[in-house]
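> Structure here, sequence nowhere to be found:
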């Protein structure tokens, strides 16, 4: 693997380890993102944190890297439609000051999908 791609891989691993751990360090921010129609917010937040950490670790070995990247892509797409878009709509309708920030975050999700896509092929 080329040095640049290896750096991108370990940055992705570090990012998902960090984001997964944040589910436990600062769960309040995730409670605010959870759609009201989902049950058991506390369990789902912890579960998604564990999943992000496990996927980050699965990116390291060559044998599980492509599968982990594909699951990350699927997770990002689900979160985009189930969490990020509804959150932006909710911020807009409620006049929340974070509306613009939520709009900026929407296209950034595609950057993360593309980043994971680099490792989705064997």
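Structure's in. What do you need? Remember, it's a predicted structure, so these values are computed and weren't measured experimentally.
> any idea of the mean pLDDT in whichever helix or strand residue 79 is part of?
Residue 79 belongs to helix 62-79 when elements are defined using DSSP states H and E. Here the mean pLDDT over helix 62-79 is 96, rounded to a whole number.
> Now do it: which elements does it pack against?
In terms of contacts (3 or more Cβ pairs under 8 Å, 6 or more residues apart in numbering; DSSP states H and E), helix 62-79 is packed against helix 41-58, helix 99-117. Every C-beta, even on glycine, is put in place using the N, C-alpha and C of the backbone.
> Just the buried positions in the lowest-mean-pLDDT helix or strand in the chain, please.
Of all regular secondary-structure elements in the chain, judged by mean pLDDT, DSSP states H and E, the least confident is helix 27-33 with a mean of 87. Buried residues in helix 27-33, defined by neighbour count with 16 or more other Cβ atoms under 10 Å: residue 30.
> Then stretch 71-80?
By neighbour count, and taking 16+ other Cβ under 10 Å as the criterion, the buried residues in stretch 71-80 are 71, 72, 73, 75, 76, 80.
> Equivalent analysis for stretch 109-120, please.
Buried-residue list, stretch 109-120, by 16+ other Cβ under 10 Å: 109, 112, 113, 115, 116, 119, 120.
> Could you work out the most separated pair of those?
The widest separation within these, taken as Cβ to Cβ, falls between 109 and 119 and amounts to 16.9 Å.
> show me where pLDDT drops low in the chain?
Of all residues in the chain, none has pLDDT under 70.
> how about 90 then?
Scanning the chain for pLDDT under 90 picks out the ranges 1, 29-38, 83, 121-122.
> Please name the nearest non-neighbouring residue to the most centrally placed residue in the chain.
For the chain, the residue sitting closest to the mean C-alpha position, by Cα atoms, centre = their mean, is residue 76 at 5.4 Å. When the adjacent residues along the chain are set aside, residue 76 lies closest to residue 113, with 5.0 Å between them (Cβ to Cβ, 6 or more residues apart in numbering).
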